[in-house]
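> got a predicted model here, sequence first, then my questions.
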Amino acid sequence: MIRQHVVRGMSAPVAVGLLLLLGCSEKGDIIPMNLTPKVPKDMTSVSPAVKPMAGPKVVVIPFEDVRADHAKVGSRSSMWGGETDFHVSSGSAGEETGQAFADYLKRKGWLVQYQKVAPPESENGPNILLSGKILDLTVDAKRGVLLTDIEARSKLVIQAKNREDGSSIVRTDAHSGSNDNVFWFEPQDGEELLAEVLEKNFERFVVNTKLEDRSIRFR
């Protein structure tokens, strides 16, 4: 996906001022970033909640973050050498990835909940437990003259455990995306792109699996 924002009619003094402004970020700065961007209010009436379909009860727990730096999810750099790090606003990429996965499945009609801890096995407990590992989760914004190019990538391991028979399935997927020539970069631009890349991982898992009775299997 590529977005292009063209700037016309800008005076030279304004352009110079913007160049100076965009080049003043220093190394060590941190910008908080959400992995589950809020849905605009005007979208809630257009896209009503999907009614859960009949099927097994599913619980998603936080993903294990196996990256070297658990806080950082990318950076914004300028042509002058300034750099600003993006950190997960909640402090836990694993929790936010698990929450994003649960939200995605709800939109697909799954009977799913997100919980920070795996619930004990019981008759009324979930039939399927979803977990995973974060191998890569990065969004980088590189600023040039007035315009910014954004690139995001993710690599996830998703595991599903069927509690009825103890079986499990595991799938690993990696995806990337970019937005080029963004005129006025905001953290939300990076959040939205990273969310789209994450959803590609979730989508690939759902497309390649199927729910059978109280279990999940590969197609």
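That came through fine.
> and the strands in this protein?
Here the chain has its strands, by DSSP state E, at 29-33, 58-60, 64-65, 72-77, 83-88, 112-114, 128-143, 148-162, 168-182, 209-212, 215-218.
> mean neighbour count, these: which tops it?
Ranked by mean neighbour count, the strands of the chain are led by strand 58-60 with a mean of 24 (mean count of other CB atoms under 10 Å). Just so you know, the C-beta spots here come from the backbone N, C-alpha and C atoms, and that holds for glycine as well.
> helices and strands around it, which ones?
Where contact means 3 or more CB pairs under 8 Å, 6 or more residues apart in numbering; DSSP states H and E, strand 58-60 is packed against helix 93-107, strand 112-114, strand 128-143.
> wait, which of those is closest to residue 83?
When the helices and strands packed on strand 58-60 are compared by CB to CB, strand 128-143 sits nearest residue 83, at 10.2 Å.
> what's the average pLDDT for the closest one?
In this model, strand 128-143 carries a mean pLDDT of 96.
> same check on stretch 175-190?
On average, stretch 175-190 scores 90.
> residue ranges in the protein under the pLDDT threshold?
1-28, 37-52 (pLDDT under 70).
> what residues does the longest helix anywhere in it touch?
Secondary structure assigned by DSSP state H gives helix 187-207 as the longest helix of the chain. Helix 187-207 is contacted from outside by 1, 31-37, 73-74, 76, 86, 97, 100-101, 104-105, 108, 137, 139, 141, 150, 152-156, 158, 171, 173-179, 182, 219, using CB atoms under 8 Å, 6 or more residues apart in numbering.
> out of the helices and strands packed on strand 58-60, nearest to residue 166?
Taking those one by one with CB to CB, strand 128-143 is closest: 11.1 Å.
> now do the closest one and strand 72-77, the angle between them.
Interaxial angle of strand 128-143 relative to strand 72-77 (axes from the mean of the first three to the mean of the last three CA atoms, to 10 degrees): 10 degrees.
> ok, the residue lying closest to residue 167 once chain neighbours are set aside - contacts?
Computed as CB to CB, 6 or more residues apart in numbering, the closest residue to residue 167 that is not its neighbour in sequence is residue 215, at 7.2 Å. Contact analysis of residue 215 by CB under 8 Å, 6+ apart lists 56, 127, 128, 162, 164, 165, 167.
> ok, residue 215 to residue 108 distance?
17 Å (CB to CB, to the nearest Å).
> can you check residue 213 too?
With CB to CB as the criterion, residue 213 and residue 108 are 18 Å apart.
> just residue 165 next, same as before
24 Å.
> more neighbours: these two, which one.
The neighbour comparison of residue 165 against residue 108 (other CB atoms under 10 Å) goes to residue 108, with 13 against 9.
> now the more buried one. Nearest residue, chain neighbours left out?
Nearest non-adjacent residue to residue 108 (CB to CB, 6+ apart): residue 206, at 6.3 Å.
> just residue 114 next, same as before
residue 102 (3.7 Å).
> who touches residue 101 in this structure?
Residues counted as contacts of residue 101 (CB under 8 Å, 6+ apart) are 60, 63, 114, 130, 132, 158, 202.
> next up, the contacts around the fourth one.
Going by CB under 8 Å, 6+ apart, residue 130 touches 58, 59, 60, 61, 101, 112, 158, 159, 160, 161.
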